[in-house]
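Enquirer: Here is the input, now give the coordinates:
(one chain, ligands or ions: 1)
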Amino acid sequence: QLTNSRYRLGYHLMAPAGWINDPNGFCYFKGYYHIFYQYHPYSAEWGPMHWGHARSKDLIHWQTLPTALIPGDSEDKDGCFSGSAIVKDDTLYLIYTGNNYYDDGDPDHYWQNQNLAYSQDGIHFTKYDKNPIIATPPTDNTQNFRDPKVWEHDGHYYVALGSQDQAKLGRLLLYKSDNLKQWQYLGPIAHSQSVEQEGYMWECPDLFHLNGQDILVTSPQGIAAQEHQYLNLHQTGYFVGELDYQAPKFKRGDFHELDQGHDFYAAQTMLTPDGRRVLIGWLNMWESEMPEQVDGWAGALTLPRELIYQNNHLYQMPVAETKSLRQQKLRDEQLMVQSETELVNNQSQVEINLQLDSTKTTAQHFVVQFTDPQTHANVQLEYDFAQQLFTLKRSDRSDARFAQLRPNEKLQVQIFVDTSSLEIFLNQGESTITERYYFDHAPQISLTSDQALAFNCQIYQLEKQSNNYQ
Ligand code: FRU
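Expert: Model (predicted):
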């Protein structure tokens, strides 16, 4: 079904063909990590949503499994929308949203409900015969009622649901159950303050405990753009707070954007058996152009990222297992850079690590540049020392993206380059920039500064996988 593999990624999870959006059902079951994703197998466009499925021993090497959920039953006739997974009594349960259109042909007129499916082997799934498990939204809600995230706490199960109230503000609903089948509505536990600040609908919520705090990661729609952030159509971000199960209420602080790039959305987390909170996102965004669509596919998932909460900030680092992708070390040296200096050439899968001491320079900026050697399409990542600001510019887009760092002496830039994606981790994951890019040839990657600047530089060639294409 693929007509051209030019943009296929080397070490990111993709579907064999067709369309992908949100990651779903991220979990660990019987020795494997499992990930599912919003999937339209029959074209490279969004359509009736299925759940694609893959599993992995190490979060890095994925094996594609048969499609887990297919829409078309009376409760999910037009789509199996986003949801999550939980393990109970040796069984893997999926909780997902059924999407159903009314007969008037209006794609903005639908009803949504919540459903259950289960599996003993982690491969074949059966929909529960009494679906839906949550049939209708509360009466003060709009039709937007989706993306259940399930977890266990004190011997009970909880589901957080993304929704919208009658005043058209995003909010989070909480449900409780003892058996995953009968659910009790506990009420709204968090609310958007205004459309401009916090959005008109909260998609894909995920509420979890991390280092003494409760953190809500969610993807609000409609937050107003500011000078350096909230520049995408919708954005994924987080609130830090405290979930009071008795009230019940989630008391929380301000919303913070999670990634500054053009192509990151609808992230979901899981807890690994060794206690790490790992997040994975959709490596695209609704309004992005997806040139791979003409080749029969669209979309991928990000590298799994470990979340660390410290100093009142949520850091994201590529999981430790990412190191298993490293092959040859292409560079390991001190570089003195001023005029344009080549870092690496003709490699589609590389990891670049740069460190420098920003107190020891009078330089004003430096630029890491990715260039297609023949078409001259390019991506520029520029750092401004005075403002402590990274600016990313793509020659195929007119709008830049920005990452404002906290005051720092040491600067660290880690870039995961794949055939058509860049994941940039700045200062130990204090800020990340996730991008797709579309070159016809492997990039030339160079570094330039306005004054001589000393970098510590390590570059690794990364593994190019082929097993996840099958
Ligand atoms: C987020 C989202 C979810 C929904 C799914 C449909 O990207 O809009 O709210 O469940 O995609 O594919």
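Enquirer: Around the ligand, pick out the residues from the chain.
Expert: 21-22, 38, 49, 81-82, 97, 146-147, 203-204, 265-266 (C-beta under 6 Å from any ligand atom). Just so you know, the C-beta spots here come from the backbone N, C-alpha and C atoms, and that holds for glycine as well.
Enquirer: ok and the residue in the stretch 301-450 of the chain nearest the ligand?
Expert: Minimum separation of the stretch 301-450 of the chain from the ligand (C-beta to the nearest ligand atom) falls at Leu301, amounting to 12.6 Å.
Enquirer: Name the nearest residue to that residue, ignoring sequence neighbours.
Expert: Leu13 (4.4 Å; C-beta to C-beta, 6 or more residues apart in numbering).
Enquirer: now swap in Glu423 and tell me
Expert: Phe416 (4.3 Å).
Enquirer: count of neighbours near the one you found?
Expert: A count of neighbours around Phe416, defined by other C-beta atoms under 10 Å, yields 23.
Enquirer: quick one: contacts for the residue most central in space within the chain?
Expert: The centre of the chain sits closest to Gly281, judged by C-alpha atoms, centre = their mean, with a distance of 1.3 Å. Shown in contact with Gly281 (C-beta atoms under 8 Å, 6 or more residues apart in numbering): 23, 236, 259, 264-268, 301-302, 434.
Enquirer: roughly how far apart are it and Phe370?
Expert: 21 Å (C-beta to C-beta, to the nearest Å).
Enquirer: And Asp450, by the same measure?
Expert: 20 Å.
Enquirer: And those two? Which one has more around it.
Expert: Between Asp450 and Phe370, Phe370 has the larger neighbour count (other C-beta under 10 Å), namely 23 against 13.
Enquirer: The more buried one and Glu435 touch, don't they?
Expert: No - counting by C-beta atoms under 8 Å, Glu435 is not a contact partner of Phe370; they are 9.8 Å apart.
Enquirer: joint contacts of those two?
Expert: Joint contacts of Phe370 and Glu435 (C-beta under 8 Å, 6+ apart) are 379, 422.
Enquirer: Just the strands from the stretch 1-150 of the chain, written as ranges.
Expert: Ranges of strands within the stretch 1-150 of the chain are 18-29, 32-40, 50-56, 62-69, 79-88, 91-101, 110-119, 126-127, 141-153, based on DSSP state E, counting those that start in this stretch.
Enquirer: For these, give me JSON lines that also has mean neighbour count.
Expert: Below are the strands of the stretch 1-150 of the chain laid out as JSON lines (neighbours: other C-beta atoms under 10 Å):
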{"stretch": "strand 18-29", "mean neighbour count": "25"}
{"stretch": "strand 32-40", "mean neighbour count": "25"}
{"stretch": "strand 50-56", "mean neighbour count": "23"}
{"stretch": "strand 62-69", "mean neighbour count": "19"}
{"stretch": "strand 79-88", "mean neighbour count": "24"}
{"stretch": "strand 91-101", "mean neighbour count": "23"}
{"stretch": "strand 110-119", "mean neighbour count": "21"}
{"stretch": "strand 126-127", "mean neighbour count": "14"}
{"stretch": "strand 141-153", "mean neighbour count": "21"}
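Enquirer: Next, format those as CSV and append mean pLDDT.
Expert: Shown next, in CSV, are the strands of the stretch 1-150 of the chain (pLDDT from 0 to 100):
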stretch, mean pLDDT
strand 18-29, 98
strand 32-40, 98
strand 50-56, 98
strand 62-69, 97
strand 79-88, 98
strand 91-101, 98
strand 110-119, 98
strand 126-127, 98
strand 141-153, 98
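Enquirer: For Val319, find the nearest of the ones you listed.
Expert: strand 32-40 (10.2 Å; C-beta to C-beta).
Enquirer: So which other helices or strands are in contact with that closest one?
Expert: Strand 32-40 sits against strand 18-29, strand 50-56, strand 62-69, strand 79-88, with contacts defined as 3 or more C-beta pairs under 8 Å, 6 or more residues apart in numbering; DSSP states H and E.
Enquirer: Now that strand - C-alpha only, CSV.
Expert: C-alpha atoms of strand 32-40 as CSV (Å, rounded to 0.1, in the frame of the first residue of the first chain):
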residue,chain,number,x,y,z
TYR,A,32,5.4,-6.6,27.1
TYR,A,33,4.8,-2.9,26.7
HIS,A,34,1.7,-2.4,24.6
ILE,A,35,0.8,0.7,22.7
PHE,A,36,-2.3,1.3,20.6
TYR,A,37,-3.1,4.2,18.4
GLN,A,38,-5.9,5.9,16.6
TYR,A,39,-5.7,4.2,13.2
HIS,A,40,-7.4,4.4,9.8
